[in-house]
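*Asks:* I'll drop the sequence and a predicted model, then ask my questions.
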Amino acid sequence: MDNNHKKIVLKTLFFAALLGFFYLATAFVLSRTIVKGRRLMAYVNPMAVRLGGQEHKMTREFNGNAKYDVFVLGSSHAYRGYDPRVFKSYGYELFNAGSSAQHPLISAVLLSNMAEQLEHKPLVIIDVYDRILEMDGDESVGRVMLNSADIGMACEIFCAKPNIVAFNTLVGRWLLPDDFIEVEAKDYVGSGYCMRTDSLDEVLPPLKETFTMDDRAKGGIVDMVAWLKENHCPFVFVSHPMPPRQGRETYHEFAVKELESIVGTEQLVYLDFNNFDFGPQWRAYFGDAAHLNQAGVDLFNDMLIDSLESRGMLRKAPM
Amino acid sequence: MLFNSFEFLVFFPIVTIIYFLLPQKLRWLHLLVASCVFYMFFIPYYIVILFVTIIIDYFAGIWIEDSTGRRRKLFLWGSIVSTCLVLFVFKYYNFFIGNFNDIAALTGWNYSLDLLGIILPIGLSFHTFQSLSYVIEVYRGNQKAERHFGIYSLYVMFYPQLVAGPIERPQNVLHQFYEKHQLNYQDVSAGIKLMIWGLFKKVVIADNIAGIVDIVYANPEGTSWQWLLIGSYLFAVQIYCDFSGYSDMAIGAARVMGFRLMENFNTPYIANSIKAFWSRWHISLSTWFRDYLYIPMGGNRVEGWRKHFNLFTVFAVSGFWHGANWTYIVWGLLHGFYNVLENVLKKFAWFKAWIETQVPMKKRLGAFVVFHLVVLGWIFFRAESVSDAWVVIKGIFTGQGSSWVPPDEIMTFGYLSLAFKLGLVLVFMAVDLTMHRFSRGVYDHRTGHWFRLSLFAYLAALILLIGYWGDVEFIYFQF
């Protein structure tokens, strides 16, 4: 190595050290400076996600020593669609580990971290919302990572989808001030569930007629199924009801076909309520274009429990 | 592959290290393979289209050199037509058919032709022009035909400038692929600094304000004149940072490996005449049009209306080169008009004295006027349609819905976030408008070594922390 090469190597190392120092120092200031109830980071980083909300409460409320009969994974449709109180009324304990725009990649990490801790393996419900299967999962990564109770799980999520946004979020999570949140989860009920009571009053535009499954979503589903089989954990895919709109059936059909091709039709237990008809008063059962409100959840959960019981899939954890 | 992606952060050092580890005779092959990988990150099979044009122009170059008289001209035109045909099919076919169908519908002629369901190959206009520049220079005898197919392919495909330029000339680049570049501290340092500065412009400035511009231009009828104006100013900054940022990264990435690419931007918004603006903005394209269209049409050798017509034509074609949309054509025509007007006014002594003045205050005033003329042009460039552009212009000049309160969508993250973004733009513009001084200080070692290293390390940290790292392509990729 001649002097020129030595100079390049030394200066590169020195530059890297300076970069690391400046990065951490700036990240520290941006994470620890609170302006009007939010971290400075939330104002200056265009991809910063909110600290607090449902994910913050859910990850802290989960108890690895508890005995859950049902464990739910999925997006906001999951944490707004499966009510632990309804399941409790049938005698089942449910924990809802849904999170905003939860991507199958993140579902797989949550499964292997949270469900892993449970001695009694519950029935795992994987909620299928078609749109999520097309997304890249960045929002989901950020939300769960920043709000996770456990930095170890945040690191695992980073490894599942390593990129610069995720790295910033991981560092942000590490530098967070103690016991600080930016937003409350006002509609949080408990066990991961959030309730909404408003009704749908908007006009719904037609759904698009194409569907492109994200490759990483496929990978996430494959990982989940592998983990569930390895741990002898019963599981079921469920699609919650969606409001009627032009293209609903066609769009959903694409997603179902993809799911069948990934899991295989023989192994797939799939309860599909996507096209369920609530009758002429259907708007009274939805909070918005994609989420059920409490009236809808009550009805949907009753039907789901009936269906699961009739299949012998629901079982109570031994006391 | 995008320069502003995690993949490129891995790709670039690996390709560069392997480049210097390999013996000279294998380096071209390594760069060619790396360039193919880089290109195939977009739509892999489109590389076939690229190779079709490469094969055509490779043989055309050799045949032009080996022949004389009419055959020579025939090969040149054969090459130009076939290379442009690829561009026409992918970029302009739907535009012409769409317009034909519109006219047919307007005239009540119940006939329409099908549009092609194809996606424009990324950077097609750039490598088409680079290929054309090669065959024309061979025809003119300024460049020997390249006999090494791999080296010629690399000339068209060299990954730093493959998808958005600078549009190089064969005399400047081809010989560099034969030269043995040593790993050199000066090149590595200057190249990395340029890349950091370019990336800063792209992900910290351009992409951070893109959201505001998008919101304003998505609903021009419902936006106040103040925000139409702010949105238009911001687009001027966005497109500059986006495109010059890409160019800086391209030039910097090549420089690290010892290659010198031509400068593409030179603080264009300080230009105090339209002519000066075009000598500072997208220099590689402006000089391309000057050398291969304007001068062959007569250039400055003709006078009067003919010269004006030539100028007008060149800018109209330049607009059309940017995109198959009337908005780009109007943008080109508007700049053609500016240039003609400037030429006419130059006949008046007071105007000539004004634009050639060395008085700082007068120069700044001139730059202020030119900047606003350019912003007026950018409105057409950015708008979805000519009628949308007209809505923006009308809105600004008629004081539409006067209100300084930003549109609701802009306020998603609140006033502080907006203030930060606008503040960032102002600081950046202040730095950029004095860039000639800034760059002297930073690049030519007048400042301390520690200062320079620390400044770029801090810029890199800011890029990581406050840059927009979503999947945002460069604006000029679509051309």
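*Replies:* Cool, got the structure.

*Asks:* So the closest residue to chain A within the stretch 101-250 of chain B versus residue B:171, what's the distance?
*Replies:* Closest to chain A within the stretch 101-250 of chain B is residue B:185: 5.0 Å, counting by Cβ to the nearest Cβ. All C-beta spots, glycine's among them, are computed from the backbone N, C-alpha and C. To residue B:171, residue B:185 is 28 Å away according to Cβ to Cβ, to the nearest Å.

*Asks:* mind checking the SS state of residue 261?
*Replies:* Chain wasn't specified; assuming chain A. helix (DSSP: H, G, I helix; E, B strand; the rest coil).

*Asks:* I was after chain B.
*Replies:* Residue B:261 - assigned by three-state DSSP - is coil.

*Asks:* Go ahead and confirm it touches residue B:159.
*Replies:* No: Residue B:261 is not in contact with residue B:159 according to Cβ atoms under 8 Å; the separation is 11.8 Å.

*Asks:* quick one, phi psi at the spatially most central residue of chain A?
*Replies:* Centroid check for chain A by Cα atoms, centre = their mean gives residue A:102 as the closest residue, at 2.7 Å. Backbone geometry at residue A:102, expressed as degrees, to the nearest 10, gives phi -60, psi 120.

*Asks:* for it, what are its contacts?
*Replies:* With contact taken as Cβ atoms under 8 Å, 6 or more residues apart in numbering or on different chains, residue A:102 is in contact with A:73-76, A:78, A:110, A:132, A:140, A:144.

*Asks:* any idea how far chain B is from it?
*Replies:* Distance of residue A:102 to chain B, computed by Cβ to the nearest Cβ, to the nearest Å: 19 Å.

*Asks:* okay, now the residue of the stretch 101-250 of chain B closest to chain A: neighbour count?
*Replies:* Using other Cβ atoms under 10 Å in any protein chain shown, residue B:185 has 14 neighbouring residues.

*Asks:* what are the phi and psi values for it?
*Replies:* Backbone torsions for residue B:185, taken as degrees, to the nearest 10, come to phi -60, psi -40.

*Asks:* again with residue A:94
*Replies:* Dihedral angles for residue A:94 - degrees, to the nearest 10 - are phi -120, psi 140.

*Asks:* check contacts around it.
*Replies:* Counting by Cβ under 8 Å, 6+ apart, residue A:94 touches A:68-72, A:82-84, A:87-88, A:191.

*Asks:* first to last residue in stretch A:118-131, what's the distance?
*Replies:* Using Cα to Cα, to the nearest Å, one end of stretch A:118-131 lies 30 Å from the other.

*Asks:* Same question for stretch B:176-184.
*Replies:* End-to-end span of stretch B:176-184 (Cα to Cα): 15 Å.

*Asks:* What of stretch B:60-74?
*Replies:* Span of stretch B:60-74 from end to end, Cα to Cα: 10 Å.

*Asks:* before we move on, what about stretch B:403-423?
*Replies:* With Cα to Cα as the measure, what separates the two termini of stretch B:403-423 is 20 Å.

*Asks:* any idea how far the residue of the stretch 101-250 of chain B closest to chain A is from residue A:6?
*Replies:* Counting by Cβ to Cβ, the gap from residue B:185 to residue A:6 is 10 Å.

*Asks:* Residue A:235 pairs with what?
*Replies:* residue A:124 (DSSP bridges).

*Asks:* Does it touch residue A:121 like I think?
*Replies:* No: using Cβ under 8 Å, residue A:235 is not in contact with residue A:121, being 9.7 Å away.

*Asks:* looking at chain B, which helix or strand is least sure?
*Replies:* Every helix and strand in chain B was compared by mean pLDDT, DSSP states H and E; the lowest is helix B:435-443, with a mean of 54.

*Asks:* which helices and strands sit right next to the helix or strand just after it?
*Replies:* Proceeding N to C from helix B:435-443, the next assigned helix or strand is helix B:449-466, under DSSP states H and E. With contacts taken as 3 or more Cβ pairs under 8 Å, 6 or more residues apart in numbering or on different chains; DSSP states H and E, helix B:449-466 sits against helix A:3-32, helix A:164-174, helix B:185-199.

*Asks:* Just put those helices in a markdown table and tack on distance to residue A:264.
*Replies:* Compiled in a markdown table, the helices and strands packed on helix B:449-466 are given as follows (distance: least, Cβ to Cβ, whole Å):
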| stretch | distance to residue A:264 |
| --- | --- |
| helix A:3-32 | 45 |
| helix A:164-174 | 31 |
| helix B:185-199 | 45 |
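
*Asks:* I'd like those helices as JSON lines, with mean pLDDT and distance to residue B:234 appended.
*Replies:* Shown next, in JSON lines, are those (pLDDT from 0 to 100; distance: least, Cβ to Cβ, whole Å):
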{"stretch": "helix A:3-32", "mean pLDDT": "90", "distance to residue B:234": "24"}
{"stretch": "helix A:164-174", "mean pLDDT": "88", "distance to residue B:234": "23"}
{"stretch": "helix B:185-199", "mean pLDDT": "90", "distance to residue B:234": "19"}
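
*Asks:* ok, the residue of the stretch 101-250 of chain B closest to chain A touching residue A:10?
*Replies:* No: in this structure, residue B:185 is not within contact of residue A:10 by Cβ under 8 Å, at 10.1 Å.

*Asks:* Can you pull the poorly scored residue ranges out of chain A?
*Replies:* A:1, A:317-319 (pLDDT under 70).

*Asks:* ranges for the helices of it?
*Replies:* A:3-32, A:40-44, A:54-61, A:76-79, A:84-89, A:104-110, A:116-117, A:138-147, A:151-160, A:164-174, A:215-230, A:248-263, A:294-310 (DSSP state H).

*Asks:* any chance of these in JSON lines, plus mean neighbour count and distance to chain B?
*Replies:* Listed next are those as JSON lines, based on neighbours: other Cβ atoms under 10 Å in any protein chain shown; distance: least, Cβ to the nearest Cβ, whole Å:
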{"stretch": "helix A:3-32", "mean neighbour count": "15", "distance to chain B": "4"}
{"stretch": "helix A:40-44", "mean neighbour count": "22", "distance to chain B": "4"}
{"stretch": "helix A:54-61", "mean neighbour count": "22", "distance to chain B": "19"}
{"stretch": "helix A:76-79", "mean neighbour count": "25", "distance to chain B": "18"}
{"stretch": "helix A:84-89", "mean neighbour count": "18", "distance to chain B": "32"}
{"stretch": "helix A:104-110", "mean neighbour count": "26", "distance to chain B": "16"}
{"stretch": "helix A:116-117", "mean neighbour count": "12", "distance to chain B": "29"}
{"stretch": "helix A:138-147", "mean neighbour count": "25", "distance to chain B": "7"}
{"stretch": "helix A:151-160", "mean neighbour count": "18", "distance to chain B": "12"}
{"stretch": "helix A:164-174", "mean neighbour count": "21", "distance to chain B": "5"}
{"stretch": "helix A:215-230", "mean neighbour count": "17", "distance to chain B": "13"}
{"stretch": "helix A:248-263", "mean neighbour count": "17", "distance to chain B": "19"}
{"stretch": "helix A:294-310", "mean neighbour count": "18", "distance to chain B": "28"}
